[in-house]
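A.B. asks: need coordinates for the following:
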Amino acid sequence: QVQLVESGGGLVQVGGSLRLSCAASGRTFSSGGMGWFRQAPGKEREFVAAISWSGGTTYYAASVKGRFTISRDNAKKTVYLQMNSLKREDTADYYCAARFRSGTYSVSGYDYWGQGTQVSVSS
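C.D. replies: Got it, this is the predicted structure:
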């Protein structure tokens, strides 16, 4: 089992930045692929970014590429999402997810989820 706890959400103005963190405990963190997803009110949960177990491979949704950066520190069992140039449409609950198998960059491709942290971007 893996337990994931997100933090770092909050209220920020358009154009601002936030860094989300996801602390993991339980199963060997360094062997798992990690991802960030988000869910806006009334919408389905969508993929944001993913990182391989080593940190050597990253992948982003087109909507955030160039603005968001995913990284991980296996010694601290933490994955991060640096969000820059935030837009109003980035407003959502952000979720950290983990998997220990290959899979797609979708909700069904991940097995463990955090409770989420809220990000609100205002103009």
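A.B. asks: when you work out contacts or count neighbours from here on, use the C-alpha atoms and nothing else.
C.D. replies: Will do.
A.B. asks: ok, the strand or helix carrying residue 59: who's next to it in the sheet?
C.D. replies: Assigned by DSSP states H and E, residue 59 belongs to strand 58-60. According to DSSP bridges, strand 58-60 forms sheet pairs with strand 46-51 (antiparallel).
A.B. asks: got a list of contacts for the strand it pairs with?
C.D. replies: For strand 46-51, the surrounding residues in contact (CA atoms under 8 Å, 6 or more residues apart in numbering) are 33-39, 57-61, 64, 69-72, 105-107.
A.B. asks: and that strand, C-alpha only, in PDB?
C.D. replies: Provided in PDB are the C-alpha atoms of strand 46-51 (Å, rounded to 0.1, in the frame of the first residue of the first chain):
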ATOM      1  CA  GLU A  46      -7.800  14.800 -16.000                       C
ATOM      2  CA  PHE A  47      -4.200  14.100 -16.400                       C
ATOM      3  CA  VAL A  48      -1.700  16.900 -15.800                       C
ATOM      4  CA  ALA A  49       1.800  15.400 -15.600                       C
ATOM      5  CA  ALA A  50       3.800  12.200 -14.900                       C
ATOM      6  CA  ILE A  51       7.300  11.200 -13.900                       C
END
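A.B. asks: show me the beta-bridge partners of the most centrally placed residue in the chain.
C.D. replies: The centroid of the chain falls nearest to residue 36 when counting by CA atoms, centre = their mean (2.2 Å). Here residue 36 sits in beta bridges with residue 49, residue 96, going by DSSP bridges.
A.B. asks: list the contacts of it.
C.D. replies: 47, 48, 49, 50, 81, 94, 95, 96, 97.
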